[in-house]
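Visitor: Fold the following and give me the result.
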Amino acid sequence: DDVFLGPSCVLTNVSNPRSQVGRHSLYEKTRIRRGATVGANATIVCGTTLGRYCFIAAGSVVTKDVPDYALVMGNPARRKGWMSRHGHVLENPDSDGVMTCPESGFRYRLECGALRCLDLDEDAELPPDMRHGTVGYREFKSRR
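Guide: Okay, the predicted model is just below:
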């Protein structure tokens, strides 16, 4: 559901592959939850779960579960921050611990180690007027 898989990304299926040993019955599941983005040339090792609206940077190697809204990068992939549903890094929580998406205005807060959106349920569709971007990311950033 609403998942983006970038060019040449890879999802493995067996933890210990060998050419002479068939392990088709041992394939491990990888779960990619609603709204996740996997960048170009990223590798997702089998048995992991990618959380809702997480963002896997290009070229990253994911070896562990990724939380909802997490921005991860590197080899192995590590969390570098949080991303909004609209694909913007969430920065500078206010005095109440709330981070706001600069494009949508949606508010997010860490609760018990998990980020959640305060304005729209994670499984709800975006309102129709918020489904189409009108400004490219670089242009949007330059306006700030």
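Visitor: All the helices of this structure, in order from the start?
Guide: Shown for the chain, the helices assigned by DSSP state H span residues 137-143.
Visitor: Least confident secondary structure element in the protein?
Guide: Least confident element among the helices and strands of the chain, by mean pLDDT, DSSP states H and E: helix 137-143 (a mean of 77).
Visitor: pLDDT weak spots in this structure?
Guide: Across the chain, the ranges flagged by pLDDT under 70 are 144.
Visitor: ok, the residue positioned nearest the centre of the chain - contacts?
Guide: When CA atoms, centre = their mean is applied to the chain, the residue found nearest the centroid is C54 (1.5 Å). C54 is in contact with 33, 36-37, 66-72, 83, counting by CB atoms under 8 Å, 6 or more residues apart in numbering. C-betas here are computed from N, CA, C, even on glycine.
Visitor: Among these, which one is most surrounded by other residues?
Guide: Y69 (27 neighbours; other CB atoms under 10 Å).
Visitor: could you measure the spatially closest residue to that one that is not a sequence neighbour against R23, distance?
Guide: Among residues not flanking Y69 along the chain, L115 sits closest, at 4.3 Å (CB to CB, 6 or more residues apart in numbering). As judged by CB to CB, to the nearest Å, L115 and R23 stand 36 Å apart.
Visitor: again with C112
Guide: Counting by CB to CB - C112 and R23 are separated by 37 Å.
Visitor: neighbour-wise, which of those two wins?
Guide: R23 (13 against 5).
Visitor: wouldn't T43 be in contact with V61 here?
Guide: Yes - here T43 reaches V61: they are 4.7 Å apart, a contact under CB atoms under 8 Å.
Visitor: Strands along this structure, start to end?
Guide: For the chain, the strands defined by DSSP state E cover 4-5, 10-11, 31-32, 37-38, 43-44, 49-50, 55-56, 61-62, 70-73, 78-83, 89-90, 98-100, 107-111, 114-117.
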